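Trainee: please find the sequence and the predicted model below.
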Amino acid sequence: MLDERSRTLLKALVEHYISDGQPVGSRALAKFSGLDLSPATIRNVMADLEEAGFVASPHTSAGRVPTARGYRLFVDTLLTVQPLEAQQMGAIEEALQGRLANQMIASASHLLSNLTHFAGVVISPRRKSSRIRQIEFLGLSERRILLIIVTVEGEVQNRILDTERPYSQSELIHAANYLTQNCAGLDFEQIRHRLANEIQQLRDDIKPLMTLALAAGDDALAESAMPYIISGERNLLDVEELSSNMKRLRELFDLFEQRSSLVRLLDLVGRAEGVRIFIGGESGIASLDECSVIAAPYAIDGQVVGSVGVIGPTRMAYERVIPIVDITARLLSGALSGKEEL
């Protein structure tokens, strides 16, 4: 546990860093913390906070910046959330009025992006599980195979499989025929149960391909059963901390495109109450290590059906973004309840 002096200095450091974006030195902390402490005393406290993992020292500066652990303590115990401005509340209410349910859900994504200047994301109510009509494999290169899934409804889902060994065209045809014959008319939950034991009886050389296909197909249809809307991804190109690392930025945009990991994370939000905040590595998704996800579930007639959220840098104004996400989820719940268009 930190003493009151350390907590006050950490709070001042995080707030100043969020506002300014520059490492915070002891002189700035002496000014902004409101504490009557010498720079030497502040440096000692900062050294203790750094040893405890709450702040870090960039190599190019004598100042310090908050770590993910520092942000977590700040958000959990030191943050003063600002009430939503009347203009923002009005914008949310207006965006959700007089629309069909699906339009409201799409509007919520754009709304979150516009109000926060980050990426807004919405997971829509889950659809019924799709049933399989046909499965095909297409060889792309020696160890890369395209899995093609066609549902009874006519929807097509594709996934690329990276295999441990090359497969011949005849092997791919044999595997596709086996899956189609055994899986036609079933959803992937039923397929897993039916094939759980049968796959173990297959030839060892074809078994890994079948296992990969079932896992990838399950992910693909889980995504389609839980539609995902994201808006404002390009806003993140203007965030200095993210745009300065092009490799990580590409990984982040790959995450938005592939969706499955992010959908699973936001699905977790729907199983909890209130606003959830994932800071950096807490999400368990490597491409979000320098980002925070703030999300909240929304409900129809008291039953949680999806979640809304914002994805931005760890250096974000949490006191402003948290209430935007919270109120959007609450107002969306109220606007959707009683509607029948979903």
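Mentor: Here it is on my side, so go on. Residues are numbered from 1 along each chain as shown.

Trainee: per-residue pLDDT of the residue sitting nearest the centre point of the chain, please?
Mentor: When C-alpha atoms, centre = their mean is applied to the chain, the residue found nearest the centroid is Leu262 (4.1 Å). Among the per-residue scores, Leu262 shows a pLDDT of 84.

Trainee: my read: Lys11 touches Phe74, true?
Mentor: Yes: taking contacts as C-beta atoms under 8 Å, Lys11 lies within contact range of Phe74: 6.5 Å. (Glycine included, C-beta is placed from N, CA and C.)

Trainee: who's more crowded, these two?
Mentor: Phe74 (22 against 19; other C-beta atoms under 10 Å).

Trainee: what sits against that one?
Mentor: 10-11, 14, 66, 318 (C-beta atoms under 8 Å, 6 or more residues apart in numbering).

Trainee: so which of these sit within helices?
Mentor: 10-11, 14, 318 (DSSP state H).

Trainee: can you spell out which helices and strands pack onto the helix or strand harbouring Ser6?
Mentor: Secondary structure from DSSP states H and E places Ser6 in helix 4-20. Contact here means 3 or more C-beta pairs under 8 Å, 6 or more residues apart in numbering; DSSP states H and E; on that basis helix 4-20 packs against helix 26-32, helix 39-51, strand 65-66, helix 68-73.

Trainee: sorry, back to before: ok, the residue nearest to the centre of the chain to Val121 distance?
Mentor: 7 Å (C-beta to C-beta, to the nearest Å).

Trainee: what do the two both touch?
Mentor: Tyr228.

Trainee: help me confirm that Val310 is found in a strand?
Mentor: Yes: checked against DSSP: H, G, I helix; E, B strand; the rest coil, Val310 lies within a strand.

Trainee: before we move on, back to that, OK, contacts around the residue nearest to the centre of the chain?
Mentor: Contacts of Leu262 (C-beta under 8 Å, 6+ apart): 121, 228, 255-256, 285.

Trainee: what about it, which SS state?
Mentor: Strictly by three-state DSSP, Leu262 counts as helix.

Trainee: same question for Glu136.
Mentor: strand.

Trainee: hey, what's it bridged with?
Mentor: Using DSSP bridges, the beta-bridge partners of Glu136 come out as Ile148.

Trainee: number of residues surrounding it?
Mentor: 17.

Trainee: gap between the residue nearest to Gln97 when sequence neighbours are not counted and Leu78?
Mentor: The spatial neighbour of Gln97 that comes closest, neighbours along the chain excluded (C-beta to C-beta, 6 or more residues apart in numbering), is Ala335 at 7.3 Å. Using C-beta to C-beta, Ala335 is found at 33 Å from Leu78.

Trainee: kindly report the same for Ile160.
Mentor: 45 Å.

Trainee: so which of the helices and strands packed on helix 4-20 gets nearest Asp3?
Mentor: helix 39-51 (9.0 Å; C-beta to C-beta).

Trainee: next, Val304: secondary structure please.
Mentor: Val304 ends up strand, using three-state DSSP.

Trainee: quick one on the thing from earlier: just to check, the residue nearest to Gln97 is in contact with Leu96?
Mentor: Yes: if you go by C-beta under 8 Å, Ala335 and Leu96 touch, sitting 4.3 Å apart.

Trainee: which of the two has more residues huddled nearby?
Mentor: Ala335 (23 against 20).

Trainee: OK, contacts around Ala175?
Mentor: Contacts of Ala175 (C-beta under 8 Å, 6+ apart): 137, 167, 206, 209-210, 213.

Trainee: how about stretch 310-328 as CSV, C-alpha atoms only?
Mentor: Extracted as CSV, the C-alpha positions of stretch 310-328 are listed here (Å, rounded to 0.1, in the frame of the first residue of the first chain):
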residue,chain,number,x,y,z
VAL,A,310,-13.4,2.6,-26.9
ILE,A,311,-9.8,1.6,-27.9
GLY,A,312,-7.1,4.2,-27.5
PRO,A,313,-3.6,4.8,-26.1
THR,A,314,-2.8,4.1,-22.4
ARG,A,315,-2.2,7.8,-22.2
MET,A,316,-5.9,8.8,-22.5
ALA,A,317,-8.1,11.0,-20.4
TYR,A,318,-9.8,8.2,-18.4
GLU,A,319,-11.9,10.7,-16.4
ARG,A,320,-13.5,11.8,-19.6
VAL,A,321,-13.7,8.6,-21.7
ILE,A,322,-15.1,6.3,-18.9
PRO,A,323,-18.4,8.3,-18.5
ILE,A,324,-18.8,8.6,-22.3
VAL,A,325,-18.7,4.8,-22.6
ASP,A,326,-20.9,4.2,-19.5
ILE,A,327,-23.6,6.7,-20.5
THR,A,328,-23.6,5.4,-24.1
